[in-house]
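Visitor: Could you work out the structure for the sequence below:
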Amino acid sequence: MAGNDQAQLEELRRGIPALHWGRLRFIGSLRVLSISYIIGAAVALPKLLGEDDLLSFLHNPYIIGPLAIFVVGVGLGNLIYELFCPATVKKFESLAVFYETQLKIKKIQMETYPQDPFEANLLHVAGSYIEDLGSFQAARGLAFGLYVASLAALLFLAVSLYIFTG
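Guide: Presented below is the predicted three-dimensional model:
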């Protein structure tokens, strides 16, 4: 890679925000945090803890409050992730994987259409991927905040369950 290309690539890398979609990708792509699984686990929780009556179990405000915050927070966080996270970030875990895929496409393109002048070089691919990482700043922040609040509620719920169920 030429020196100028290297400098441009470094400039692109400096533009990546600290909180980007790639950092939220792990949580957003976990199927176990799908809202249907969470609601199922929340309903099954009393039985798992040996409680027979779901309603009396959930009347405890130290249990229902954090449980509701966790379920709603994860659900909304995942909804925001699904709606706003760019498809390239969801599909490709890193710029390297994205670039490798683009090189395979370029190879097929060159074999099929040798006269096509399109050139998917590293700067082009990196610029596109990095732009996607930083898109929808407010949605990224909101999804992150919901995930953090959900984790805090889950920790509070775990402590509450430990205290109230022994």
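Visitor: can you list the domain ranges for the protein.
Guide: 21-85+137-166, 89-135 (automatic domain parsing).
Visitor: just how off-centre is the longest one within its chain?
Guide: This points to domain 21-85+137-166. Distance of domain 21-85+137-166 from its chain centroid, counting by Cα atoms, centre = their mean, to the nearest Å, is 15 Å.
Visitor: what mean pLDDT does it have?
Guide: Domain 21-85+137-166 shows a mean pLDDT of 82.
Visitor: Distance of the residue located most distally from the centre of the chain relative to Lys107?
Guide: Here the chain reaches farthest from its C-alpha mean at Gln115, the gap being 39.5 Å by Cα atoms, centre = their mean. Using Cβ to Cβ, to the nearest Å, Gln115 is found at 15 Å from Lys107. In short, each C-beta sits where N, CA and C put it, glycine included.
Visitor: top helix in the chain by residue count?
Guide: Criterion DSSP state H: the longest helix present in the chain is helix 137-165.
Visitor: Can you name every helix or strand that it contacts?
Guide: Where contact means 3 or more Cβ pairs under 8 Å, 6 or more residues apart in numbering; DSSP states H and E, helix 137-165 is packed against helix 21-28, helix 61-84.
Visitor: report the angle between the axes of it and helix 61-84?
Guide: 160 degrees (axes from the mean of the first three to the mean of the last three Cα atoms, to 10 degrees).
Visitor: got the angle between helix 137-165 and helix 21-28?
Guide: Put simply, helix 137-165 runs at 30 degrees to helix 21-28, going by the same axes, to 10 degrees.
Visitor: can you start the count at 692 instead of 1 from here on
Guide: Will do, 692 is the new start, and the previous item becomes helix 828-856.
Visitor: contacts for stretch 728-748?
Guide: Residues outside stretch 728-748 that contact it (Cβ atoms under 8 Å, 6 or more residues apart in numbering): Arg722, Leu749, Ile754, Leu758, Phe761, Val762, Val765, Gly766, Leu852, Thr856.
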